[in-house]
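**Q** Return a 3D structure for these sequence lines:
(one chain, ligands or ions: 1)
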Amino acid sequence: MIDQSDIWKKLQKRSQEVEDTTLKVLFEDKDRVKNFSITLDELFVDFSKNLITSAILDDLLELAKTAHLEEKREALFTGEKINTTEKRSVLHTALRDLHSEEVLVDDSDVLENIKKVQNKMEGFSDNIRKGVRRGHTGKNFTSIVNIGIGGSDLGPKMATEALRYYSQREMSFYFVSNIDSSAIDETLLRCDPERTLFIIASKTFTTEETMTNAFTAKEWLLNSLKDASAVEKHFVALSTNKDAVESFGISKENIFEFWDFVGGRYSLPSAIGLSLMISIGKDHFKELLEGYERVDSHFKTAPFEKNIPVIMALIGIWNNNFLSMHSQAILPYSEYLRFFPSYLQQLEMESNGKSVTKEGERVTYDTGQVIWGEAGTNGQHAFYQLLHQGTQKIPADFIGFKESLFNRSEHQKKLLAHFIAQTEALAFGKSKDEVESEGIESSLIPHKSFEGNRPSTTFLFQKLTPQSLGMLIALYEHKVFVQGVIWGINSFDQMGVELGKSLAKKIGQEIEEKRVFFKHDMSTQGLIEKVIEK
Ligand code: F6P
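**A** Next comes the predicted model:
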């Protein structure tokens, strides 16, 4: 295992080096920002405010080599079956490959089918946007309801909100995921059945939450339009499971296909992005793909020391495995990106929340970090207190944009000031002496001092555009991949979600029949009895 390698052991020893120093001291090096930052087109990534030195970074780069990152990256892009437990290729990169001639899986080219579905999505979204495709009673669609969960919800929901500035304003977009009926019912209350298009997004088309919501939506529509043929006009499906879609009553022509080689949490640039394409139009969607592709090609070709996702991954591993920081905050300074932290939660935690290696051995080191966050500046007035003065150190990614989309420079200047000030405060704090020199009453000095030394990475883009969003998502996707390679785990299955699902099936039966007939522990049994008692 990787923690038995010499380089891992060397890094363990090195952790003492940063315990014994401060960012203040490390910043005495005049070249620190130059050495610890990378520019990619309009993106500037400053990772100088992390607790690293050049020697540590060199060793981390060595660690990546020891884990055979170069070969593994090649295997990813060339469609090797690196999702070993499910025996699947992992080719979300093919979805945004706008330039290659072919990408082969089992000797057949996947690009051709990808292009076919993209063309179909483009035609469909154009027709919805222009009112050419209409509902059963001839009215144009004004409400688009995406029903899906996990990767079939978080991506389109996050991106539709992130790119709302570029959206068709006459239409409203809703995302229903929770099986709690208040999610679908609250949405339906806002929709007119004659003008509502339902997009049923499910890779497997078996997910209980999605199917339950889809049936409720169908019933609601038919109760109002009173004609079974209305389903054809008002329902489309995004899925890999054509048979299940057809048995739900959605015709072949209304299926937008994708494939097993696209994991749910990587599926936004596939058919799963249909609601987004309707919202922003096919040209902006293409720009999003271009952004993804820009980072794919950077990840493929840049030397590791100048490779942003590689550096992101290595810093994450340094913080997690060597400095015992097991949580990571994601702080986008953009209201439009407020769903980005929860999108990344699935991407990172479902991918790397594993405790056995690909070979099935229990790992002897930590893997995926806890990912969480909130849009700045809101978080500043809520949980940043703990980031600044709490007992745990929580590394934070700050994501910001130089220009605002609306021309309100007063807001933008203040937003950017906060964005930068927080990273300065976290890194350098405020010493007791500084507080004292301000004439602060002595009993308050410990309360008003900040120890600093809290790591952060800053991502500064020019402007929030479809392209910059595509770049941002791809950076994190590849970061997750690199970390999975170093930890030796399979980042592309999610078997940890199965047990809860199968237990819920049994308990569901018991609730339905109002009696407990499976064996449970005392607590579980008591809870079921409470739920079913009159
Ligand atoms: O249960 C977890 C999961 O399989 C996720 O990985 C996936 O994104 C989500 O459920 C939804 O799955 P589907 O798209 O098949 O409905």
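**Q** Every contact and neighbour count from this point should use C-alpha atoms.
**A** Fine.
**Q** and stretch 322-336, how far apart are its ends?
**A** Chord length of stretch 322-336, first to last residue, is 34 Å (C-alpha to C-alpha, to the nearest Å).
**Q** Run through who's touching that stretch.
**A** Stretch 322-336 is contacted from outside by 11-12, 15, 161-164, 319-320, 338, 340-341, 369-377, 379, 392-401, 415-416, 419, using C-alpha atoms under 8 Å, 6 or more residues apart in numbering.
**Q** Nearest to the ligand: which residue in the stretch 51-200 of the chain?
**A** Across the stretch 51-200 of the chain, no residue is closer to the ligand than residue 151, which sits at 3.4 Å (C-alpha to the nearest ligand atom).
**Q** returning to what we had before: in strands only, show me the contacts of stretch 322-336.
**A** 370, 371, 372, 373, 396, 397, 398, 399, 400, 401 (DSSP state E).
**Q** Kindly indicate which of the residues you listed lies nearest residue 190.
**A** Distance to residue 190 across those (C-alpha to C-alpha) is lowest for residue 373, with 29.4 Å.
**Q** Quick check: neighbours of the one helix or strand in the chain whose mean pLDDT sits lowest in the sheet, parallel or antiparallel?
**A** When the helices and strands of the chain are scored by mean pLDDT, DSSP states H and E, strand 104-105 comes last with a mean of 87. Here strand 104-105 has these sheet partners by DSSP bridges: strand 108-109 (antiparallel).
**Q** mean confidence score for the strand it pairs with?
**A** In this model, strand 108-109 has a mean pLDDT of 91.
**Q** Which residues belonging to stretch 405-417 are considered buried?
**A** Along stretch 405-417, these residues count as buried under the neighbour rule (16 or more other C-alpha atoms under 10 Å): 412, 415, 416.
**Q** tally of neighbours for the residue of the stretch 301-450 of the chain found nearest the ligand?
**A** In the stretch 301-450 of the chain, the residue that lies nearest the ligand is residue 350 (7.1 Å; C-alpha to the nearest ligand atom). The local packing of residue 350 (other C-alpha atoms under 10 Å) involves 20 other residues.
**Q** and the gap between it and residue 370?
**A** 11 Å.
**Q** Check residue 41 too.
**A** To residue 370, residue 41 is 30 Å away according to C-alpha to C-alpha.
**Q** higher neighbour count, the two?
**A** residue 370 (15 against 10).
**Q** From residue 345, how far out is that one?
**A** 8 Å.
**Q** how about the residues of this protein that lie near the ligand?
**A** Within the chain, the positions near the ligand by C-alpha under 6 Å from any ligand atom are 149, 150, 151, 152, 202, 203, 204, 205, 207, 264, 265, 497.
**Q** 5 Å instead, please
**A** When proximity is defined by C-alpha under 5 Å from any ligand atom, the chain lies next to the ligand at 149, 150, 151, 152, 202, 203, 204, 207, 264.
**Q** Let's see the pLDDT reported for the first one.
**A** Model confidence at residue 149, expressed as pLDDT, equals 98.
**Q** Tell me, how many residues neighbour it?
**A** When counting by other C-alpha under 10 Å, one arrives at 23 neighbours for residue 149.
**Q** Check whether it really touches residue 209, as I assumed.
**A** Yes. At 7.3 Å, residue 149 and residue 209 qualify as touching, with contact defined as C-alpha atoms under 8 Å.
**Q** which helix is the longest one in this structure?
**A** Secondary structure of the chain per DSSP state H: the longest helix is helix 466-487.
**Q** what helices or strands is it leaning on?
**A** Contact analysis of helix 466-487 by 3 or more C-alpha pairs under 8 Å, 6 or more residues apart in numbering; DSSP states H and E lists helix 69-77, helix 282-301, helix 308-317, helix 351-352 as its packing neighbours.
**Q** low-confidence ranges in the stretch 51-200 of the chain?
**A** By pLDDT under 70, the stretch 51-200 of the chain contains no weakly predicted segment.
**Q** Can you flag the buried ones in the residues of the chain next to the ligand?
**A** By neighbour count, with 16+ other C-alpha under 10 Å, the residues of the chain next to the ligand hold 149, 150, 151, 152, 202, 203, 264 as buried.
**Q** Looking at the residues you listed, which is nearest residue 231?
**A** Closest approach between these and residue 231, by C-alpha to C-alpha: residue 202, at 17.4 Å.
**Q** That closest one and residue 285: what is the separation?
**A** According to C-alpha to C-alpha, residue 202 and residue 285 sit 20 Å apart.
**Q** sorry, back to before: can I get the residues of the chain next to the ligand in TSV including distance to residue 5 and secondary structure?
**A** Output for the residues of the chain next to the ligand, formatted as TSV (distance: C-alpha to C-alpha, whole Å; DSSP: H, G, I helix; E, B strand; the rest coil):
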residue	distance to residue 5	secondary structure
149	40	coil
150	36	helix
151	35	helix
152	39	helix
202	41	coil
203	39	coil
204	40	coil
207	41	coil
264	33	helix
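**Q** Please convert the buried members of the contacts of stretch 322-336 into ChimeraX selection syntax.
**A** A single ChimeraX command is used to select the members of those judged buried by 16+ other C-alpha under 10 Å:
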select :11,12,15,161,162,163,164,319,320,338,340,341,369,371,372,373,374,375,376,377,393,394,395,396,397,398,399,400,401,415,416,419
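**Q** returning to that earlier point: residues shared between the contacts of residue 149 and residue 209?
**A** 177, 178.
**Q** returning to that earlier point: as TSV, the helices and strands packed on helix 466-487 with distance to residue 358 and mean neighbour count would be great.
**A** Output for the helices and strands packed on helix 466-487, formatted as TSV (distance: least, C-alpha to C-alpha, whole Å; neighbours: other C-alpha atoms under 10 Å):
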stretch	distance to residue 358	mean neighbour count
helix 69-77	13	15
helix 282-301	23	20
helix 308-317	18	24
helix 351-352	12	23
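**Q** With adjacent residues omitted, what lies nearest to residue 349?
**A** residue 368 (6.1 Å; C-alpha to C-alpha, 6 or more residues apart in numbering).
**Q** doesn't residue 355 make contact with that neighbour?
**A** No. Judged on C-alpha under 8 Å, residue 368 makes no contact with residue 355 at a distance of 9.1 Å.
**Q** okay, those two: which has more neighbours?
**A** Neighbours were counted for residue 368 and for residue 355 using other C-alpha under 10 Å; residue 368 has more, 25 against 18.
**Q** dump the residue contacts of the more buried one.
**A** 348, 349, 352, 353, 354.
**Q** Would you check which pair of the residues you listed lies furthest apart?
**A** 348 and 354, at 10.7 Å, using C-alpha to C-alpha across those.
**Q** per-residue confidence averaged over the strand or helix carrying residue 232?
**A** Residue 232 is part of helix 230-234 when elements are defined by DSSP states H and E. Averaged over helix 230-234, pLDDT sits at 96.
**Q** Give me the contact list for it.
**A** With contact meaning C-alpha under 8 Å, 6+ apart, helix 230-234 is reached by 134-136, 196-198, 218, 221-222, 249-251, 254.
**Q** Give me the residues contacting stretch 193-204.
**A** Residues outside stretch 193-204 that contact it (C-alpha under 8 Å, 6+ apart): 134-137, 139-149, 152-153, 210, 214, 217, 220-221, 224-225, 233-241, 258, 264, 272, 275.
**Q** can you rerun that using 6 Å?
**A** 135, 140-148, 152, 221, 234-241 (C-alpha atoms under 6 Å, 6 or more residues apart in numbering).
**Q** ok, and what's touching the longest helix of the chain?
**A** With C-alpha under 6 Å, 6+ apart, helix 466-487 has contacts from 67, 287, 288, 291, 292, 295, 309, 312, 313, 491.
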